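>>> pasting the sequence and the predicted model now:
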Amino acid sequence: MIVLEQKDQLKEKLKEIFGYTTFRGNQETVIKNILSGRNTFVIMPTGAGKSLCYQLPAMIKDGLAIVISPLIALMKNQVDQLNAYGINARFLNSTLSKGEITRLKKECINGDVKLLYVAPESLNKEENIAFLQKVNVSFVAIDEAHCISEWGHDFRPEYRKIKTMIAQFGSLPVIALTATATPKVQIDIQKNLQMEEADVFISSFNRRNLYYEVRPKKETKKQLIRFLKDHKGKSGVIYCLSRKKVEEIAQLLNVNGFNAAPYHAGLDPDVRVKNQDDFLNEEVDIIVATIAFGMGIDKPDVRFVIHYDVPKSLEGYYQETGRSGRDGLEGICLMFYSHNDLNKLEKFNKDKSVQERENARMLLQEMEFYAESPVCRRMQLLHYFGEEYKEGNCGMCDNCVHPRERFDGTEAVGIVLEAVKQTNERFGLVHLVNVIRGVEDEYVKSYAHFDLAIYGKGDTESEDHWKSVIRQTLIYQYLEKDIENIGVLTLSEKGKKFMVKPHPVELAKDHDFTTEIGDEEGSERVIINTKSYDVRLFEMLKALRKQIAKSKDLPPYVIFQDPSLEEMATTYPTTKDELASVNGVGMGKVNKFGKEFLELIEQYVDEHDIETAADVVVKSSVNKSKIKIFIIQQIDRKVDLDEIAESKNIPFSEMMTEIENICYSGTRLNLDYYIDSVLDEDKQEQIYDYFLNSETDSIEDAVSAMKDEDSDFSEENLRLMRIKFLSEYAI
Ligand code: ADP
Ligand code: MG
Ligand code: ZN
């Protein structure tokens, strides 16, 4: 086995195979963990990049990695994506013919296959177990691991037998992955897989690129059409509660000239599969669906998810909205909200047991609070998953972009906390509101709460006002939910401190969905990033991608994803190497699909007389790339580095980072004029020698190694010399 101890080597592999320059979130630590043979449990939100956590190790380790995945229908899709990278991944399921299976088994036994996707139902077959016992298996990955848990949302009985199945291949490291964050599910999964000792990696559930907005459900069809007109040609999903509504809206959209198709469990399976494929293949822009649509759909460029009806729970809402913007680009999440929808949903539960009804009611109440709340949507969603969002105005939700009217809530919070304390931390929202407002109902009477000092202290304000205040007090963590007793609110440490020593708290007014009329501002509210790339070229690249995809019978994003096309439309790569350096491309894809794209760009560049600045690579936005071009030009003119930083009004260290990026992306820079002015020849030589003999180019290592030398070297000087060294040797 190859041991990759150097993180840079892992990065190299990432670039070489997948064309990405950096790991996202926990990916790198997770990958190292499974590479070291440890059992690993990964909780990451949808779209965060779980697949890579087992795909990259599968490529690095000797042998074949088994990937257990729930949906046969989607295995082909995942395998296609990997094959496009030049990775030998395959699936084993009932859609294969006898002959295909025999050949596949042979290839696996010969050690040619790196990843084998299989559903638990197939894995459980005796002949498959016997076959896999002959294969050199590197490790087992269990994707969508929440399917193991009865407490999860897509429980699959076969999943509970996985441990017994894989035990028959010997003792292999296991990596289980899921986007479900609740502790109950997590414990259940670990128990069932007998991997309580596994290392657990939980990522933040914050999806920075998603924009959340809730609008009143008034003139909804008009609002919807206006929104879609502003986002014409983009991929999106519209969720409706009923099949009937799905059909109705899909038809409405088609009549209005949009390219939409319905998806629900009542459709003929052939039609359903066709509509889903058309969506993946960009034959259809919009899918109108019930929640039956979505699990395992890895379309990376879904630009919006609209909830035409109110969803049943915040968890469901979060998972559904999570399907937008997987590629890190725009993802707009819009919900139409009305009380009426809540009432409808409540009625669905009338045949359930008392306990189930109560649970469902609590979920709906959370939904109501979320929709009507003036608090940052992101903060609320994260709070729901037990995560604290501390970054202030997120700038990416309606409540942050259009803040609600605020008021000094110091006294109100004090009253709420006092009410919780005086009722001995044993009650929920409704009772607390009654106590505060002095409403004498049965409960107040039976507990004699009219005797409390706090009783009636807030009788000048409305019921809705106090509900809102209590909810905000909870979200801002002065109160906590009691874990054992559903609905009961208790004082948190922060709340107790506040009672001893209050500090000013600002609260905001709830949305009023009873009187608010259809908002004329409508879709203009949504901030659309101004395009920093060449839109015309981007569209041409997209068209070419679609054409190639069609001829190869693959979804377009398997060829290249949108962020890669955007980058091409920014940097205009015209050689294979330049193309390979585009994020998400890599040499495998260049060789497979590169030729036609390069020809197109070449022609475009010629026709439009574009300076390709072939030496400036990797730009994320015009602003940034402008700075890079500026820096390169200034260095060419031998301008003092301090001066360059000053004229761009950026800190020196930030400019150094820019220079390093330029250098690492393959542009040679001659900094001699500046280095000569700050370091004498002797010192230069010392540092130069160090880099020449060192195994890493890490500055930290250099700083500590150079400490032993008599002279003191600043980090800045070491960075400068590293650039010089790299420019002369590595580029
Ligand atoms: P999940 O399974 O967690 O929902 P996926 O594995 O499907 O997410 O990945 C979501 C998207 O993120 C994919 O389009 C994938 O190409 C992209 N992605 C994953 N890792 C990286 C990375 N390190 N850099 C850039 N894009 C990445
Ligand atoms: Mg996934
Ligand atoms: Zn916000």
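That came through, no problem. Ligands and ions are numbered 1, 2, ... in the order given.
>>> who are the contact partners of residue 239?
289, 290, 291, 293, 305, 306, 307, 308, 309, 311, 320 (CB atoms under 8 Å, 6 or more residues apart in numbering). No exception for glycine: its C-beta is placed from N, CA and C like everyone else's.
>>> could you rerun that using 10 Å?
Residues in contact with residue 239 (CB atoms under 10 Å, 6 or more residues apart in numbering) are 245-246, 249, 287-291, 293-294, 305-309, 311, 316-317, 320-321, 323, 335.
>>> ok, residue 477 next?
So residue 477 contacts 383, 388, 492, 493, 494, 495 (CB under 10 Å, 6+ apart).
>>> tell me the contacts of the fourth one?
In this case it means residue 493. Counting by CB under 10 Å, 6+ apart, the residues that residue 493 touches are 477, 478, 480.
>>> and it, how far from residue 449?
When distance is defined by CB to CB, to the nearest Å, residue 493 is 25 Å away from residue 449.
>>> ok, now the second one?
Using CB to CB, one gets 32 Å for the distance from residue 388 to residue 449.
>>> between these two, who's got more neighbours?
residue 449 (22 against 10; other CB atoms under 10 Å).
>>> secondary structure element for the closest residue to the more buried one other than its chain neighbours?
Spatially, and ignoring its direct neighbours in sequence, residue 449 is nearest to residue 435 (5.3 Å; CB to CB, 6 or more residues apart in numbering). Taking DSSP states H and E as the definition, residue 435 sits inside helix 429-437.
>>> what do you get for residue 121?
Going by DSSP H and E, residue 121 is part of helix 120-123.
>>> same check, this time on residue 554
Judged by DSSP H and E, residue 554 forms part of no helix or strand.
>>> what segments of the stretch 451-600 of the chain are strands?
For the stretch 451-600 of the chain, applying DSSP state E, counting those that start in this stretch gives strands covering 479-481, 489-491, 506-508.
>>> other SSEs contacting the first one?
On a contact count with 3 or more CB pairs under 10 Å, 6 or more residues apart in numbering; DSSP states H and E, strand 479-481 meets helix 410-422, helix 463-475, strand 489-491, helix 493-500.
>>> run a quick neighbour tally on the spatially closest residue to residue 312 that is not a sequence neighbour.
Of all residues not flanking residue 312 in the chain, residue 345 sits nearest, at 5.9 Å (CB to CB, 6+ apart). Using other CB under 10 Å, the number of residues around residue 345 comes to 20.
>>> closest one to residue 176 among the helices and strands packed on strand 479-481?
Taking CB to CB, helix 463-475 is the member of the helices and strands packed on strand 479-481 nearest to residue 176, at 31.2 Å.
>>> would that closest one count as contacting ligand 3?
No: contact of helix 463-475 with ligand 3 is not found when judged by CB under 5 Å from the ion; the minimum separation is 12.0 Å.
>>> what comes up buried for that helix?
465, 466, 467, 468, 469, 470, 471, 472, 473, 474, 475 (16 or more other CB atoms under 10 Å).
>>> again with stretch 546-556
For stretch 546-556, by 16+ other CB under 10 Å, it's 546, 548, 549, 554, 555, 556.
>>> mean confidence score for that stretch?
If you average the pLDDT over stretch 546-556, you get 88.
>>> same question for stretch 505-521.
For stretch 505-521, the mean per-residue pLDDT is 69.
>>> stretch 438-451 too?
Stretch 438-451 comes out at a mean pLDDT of 94.
>>> ends of it, how far apart?
Distance between the boundary residues of stretch 438-451 (CA to CA, to the nearest Å) amounts to 10 Å.
>>> tell me which parts of this protein are close to ligand 3?
376, 378, 394, 397, 400.
>>> secondary structure class for the last one?
Right, residue 400. helix (DSSP: H, G, I helix; E, B strand; the rest coil).
>>> what's the answer for the second one, then?
Secondary structure assignment for residue 378 (three-state DSSP): helix.
>>> residue 393: which element?
Secondary structure from DSSP H and E places residue 393 outside every helix and strand.
>>> now swap in residue 303 and tell me
strand 302-307.
>>> next: residue 91.
strand 89-92.
>>> now what about the helix or strand hosting residue 700, what contacts it?
Element membership of residue 700 [criterion: DSSP H and E] is helix 699-707. Contacts of helix 699-707 from elsewhere in the structure, counted by CB under 10 Å, 6+ apart, are 660, 683, 686-687, 690-691, 693-696, 698, 712-719, 721-722.
>>> what's the distance between residue 392 and residue 380?
14 Å.
>>> skip the chain neighbours and tell me the closest residue to residue 252.
residue 221 (6.3 Å).
>>> what do you get for residue 49?
Using CB to CB, 6+ apart, the closest residue to residue 49 is residue 24 (4.9 Å).
>>> neighbours around that neighbour, how many?
15.
>>> for the protein, what helix or strand is lowest in average pLDDT?
Least confident helix or strand of the chain, by mean pLDDT, DSSP states H and E, is helix 622-636 with a mean of 69.
>>> any low-confidence regions in this protein?
For the chain, the stretches flagged by pLDDT under 70 are 1-7, 151-153, 181, 295-296, 515-532, 611-626, 665-667, 708-712, 729-731.
>>> quick one, helices of the stretch 201-350 of the chain?
For the stretch 201-350 of the chain, the helices defined by DSSP state H, counting those that start in this stretch occupy 220-230, 243-255, 269-280, 314-321, 339-348.
>>> tell me which of those helices lies nearest to residue 194.
helix 314-321 (26.7 Å).
>>> in the stretch 251-400 of the chain, what residue lies closest to ligand 1?
Nearest to ligand 1, among the residues of the stretch 251-400 of the chain, is residue 300, at 3.5 Å (CB to the nearest ligand atom).
>>> dump the residue contacts of that residue.
Contacts of residue 300 (CB under 10 Å, 6+ apart): 47, 81, 235, 323, 325-329, 555, 557-558, 561-563, 584.
>>> now, the most widely separated pair of these?
Across the contacts of residue 300 (CB to CB), the longest gap, 19.3 Å, separates 323 and 584.
>>> which of those two has more neighbours?
residue 323 (23 against 19).
>>> quick check, that one in contact with residue 291.
No: Residue 323 is beyond contact range of residue 291, at 11.0 Å (criterion: CB atoms under 10 Å).
>>> how long is stretch 321-334 end to end?
OK, stretch 321-334 end separation, CA to CA: 9 Å.
>>> coming back round to it: between residue 392 and residue 380, which is the more surrounded one?
Neighbour count, other CB under 10 Å: between residue 392 and residue 380, residue 380 has more, with 21 against 9.
>>> the more buried one and residue 468: what is the separation?
Relative to residue 468, and taking CB to CB, residue 380 is found at 13 Å.
>>> with residue 685 instead?
Relative to residue 468, residue 685 is positioned 69 Å away (CB to CB).
>>> tell me the domain ranges of the protein?
As assigned by automatic domain parsing, the chain contains the domains 7-202, 210-335+360-378, 410-504, 530-616, 626-729.
>>> which residues touch residue 502?
If you count contacts by CB under 10 Å, 6+ apart, then residue 502 has 410, 411, 413, 414, 417 around it.
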